[in-house]
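*Asks:* Prediction below, plus the sequence it came from.
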Amino acid sequence: MSVYYQDYLGLDKILDSQHPLSAQAGMKPAHDETLFIIIHQAYELWFKQILFELDYIQGVFGKTHINDNAEDLNLVRHRLNRIIRILELLNQQVSILDTMTPLDFLAFRNLLTPASGFQSLQFRLIEARLGLSMDDRHQQGYYKRTNEGGFTPKDYQTLNHTEGVESLLIQVNRWLERMPFFNPQYWGIDPVASEWEHPFWKEYTALYQESLTERESKKINDFKWIFFREPSEGMTEEDKHALHTHLSPAAMRAALFIMLYRDFPYFQTGYQILDSLIEIDHWMAGWRHKHLSMVRRMIGMRVGTGNTSGAGYLEGALSRHFVYKDLAGLSTFLIERRKLPKLPVELIRHLSFYEA
């Protein structure tokens, strides 16, 4: 049986899936409604691809043992990069929707109520699978409803199920915690010594403190709490809450170590994975910002079609919906490359192709 292009792609269904509400009998068709539909259908197709890439990525990070010498992590890096390129494209796609003027949109906007982009199940699944928890969402009440403007019971159940399983953030945390860089065997130290007493961290803490200017001097308190849960004198519960990280201290130490010594061949893939997660957050935030700007241009401060606060909700989501801000914040705790502590020979053998 020969394969025909149109049949393989299912174009009959795809090209016949745009049904403007303004084209119904007795109404004046709104020219830009077709553009509006196609843009959002294209978004949903790309969301499907992102979820497909996350299936593979989470499959690797969900393993009990991840072999750094196998192809898995390199393919994870490659597929994270593909997600970044897709998000970059979705950011650019907003500019096409911006060719529609506010008056063009008003020609069919009221017909959409109570439907809203807020009801995109796939986008909510992407957020949840990346690691955005309900506790960290802006206007949490918007998400847990099945009334008008909310999710269907089926979609609501799907979203609840996804939020109940391990996110990529949790898996990455576990992967980082398993890093063996500080094992006593490489450093010739007492196996029962605490991380705070580890020779690397004792030296690095001193070097970091020396690198701070007078105005930055209190950052050493942040460093001690974030990486070791060591409270400084006078630290309040409010201070601790402000410094809360979703990654554990052990995971944060491993991530910082990878960033500091990323020039070693052993760390290249790990560093690129961490950097990709930061960039995904960047592009997700960029998309939210463009969406916010577009909504402000189109409807000003009017209520959204899905009964949200419109631009007000989007502004809150933009400021709060960062998943990998802990990784992005590691740059706060870097020092100059030339001042990095020298690593033990035994560890260098483990990290590179070095031969004594």
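*Replies:* Sure, I can see it.
*Asks:* So what would you say the end-to-end distance of stretch 188-207 is?
*Replies:* Terminal residues of stretch 188-207 lie 21 Å apart, using CA to CA, to the nearest Å.
*Asks:* I meant stretch 240-253, not that one.
*Replies:* End-to-end distance (CA to CA), stretch 240-253: 18 Å.
*Asks:* buried stuff in that stretch?
*Replies:* 245-247, 249-253 (16 or more other CB atoms under 10 Å). Heads up, the C-betas are built off the backbone N, CA and C, glycines and all.
*Asks:* mind putting these in JSON lines, pLDDT and distance to residue 113 included?
*Replies:* Formatted as JSON lines, the buried residues of stretch 240-253 follow (pLDDT from 0 to 100; distance: CB to CB, whole Å):
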{"residue": "245", "pLDDT": "95", "distance to residue 113": "41"}
{"residue": "246", "pLDDT": "95", "distance to residue 113": "36"}
{"residue": "247", "pLDDT": "97", "distance to residue 113": "41"}
{"residue": "249", "pLDDT": "97", "distance to residue 113": "48"}
{"residue": "250", "pLDDT": "96", "distance to residue 113": "49"}
{"residue": "251", "pLDDT": "97", "distance to residue 113": "44"}
{"residue": "252", "pLDDT": "98", "distance to residue 113": "45"}
{"residue": "253", "pLDDT": "97", "distance to residue 113": "51"}
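*Asks:* mind listing which of these are in helices?
*Replies:* 249-253 (DSSP state H).
*Asks:* Export the buried residues of stretch 240-253 to JSON lines and append columns for distance to residue 77.
*Replies:* Conversion of those to JSON lines gives the following (distance: CB to CB, whole Å):
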{"residue": "245", "distance to residue 77": "23"}
{"residue": "246", "distance to residue 77": "21"}
{"residue": "247", "distance to residue 77": "19"}
{"residue": "249", "distance to residue 77": "25"}
{"residue": "250", "distance to residue 77": "22"}
{"residue": "251", "distance to residue 77": "18"}
{"residue": "252", "distance to residue 77": "21"}
{"residue": "253", "distance to residue 77": "22"}
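*Asks:* Reformat the ones in helices among the buried residues of stretch 240-253 as a markdown table; add distance to residue 43.
*Replies:* Formatted as a markdown table, these follow (distance: CB to CB, whole Å):
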| residue | distance to residue 43 |
| --- | --- |
| 249 | 38 |
| 250 | 38 |
| 251 | 32 |
| 252 | 34 |
| 253 | 38 |
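*Asks:* What is the nearest of those to residue 236?
*Replies:* The closest of those to residue 236 turns out to be residue 249 (CB to CB; 19.3 Å).
*Asks:* isn't the closest one right next to residue 227, touching?
*Replies:* Yes - under the criterion of CB atoms under 8 Å, residue 249 makes contact with residue 227 at 5.4 Å.
*Asks:* so where's the stretch 151-300 of the chain uncertain?
*Replies:* Flagging of the stretch 151-300 of the chain using pLDDT under 70 yields the residue ranges 300.
*Asks:* Quick one: the helices in it, in order.
*Replies:* Taking DSSP state H, counting those that start in this stretch, the helices of the stretch 151-300 of the chain run over residues 153-163, 168-177, 184-187, 199-211, 219-228, 237-242, 249-260, 265-299.
*Asks:* what's the closest of those helices to residue 334?
*Replies:* Of these, the one closest to residue 334 (CB to CB) turns out to be helix 249-260, at 6.8 Å.
*Asks:* Could you name the helices and strands sitting against that closest one?
*Replies:* Counting contacts by 3 or more CB pairs under 8 Å, 6 or more residues apart in numbering; DSSP states H and E, helix 249-260 is packed against helix 168-177, helix 219-228, helix 265-299, helix 325-328.
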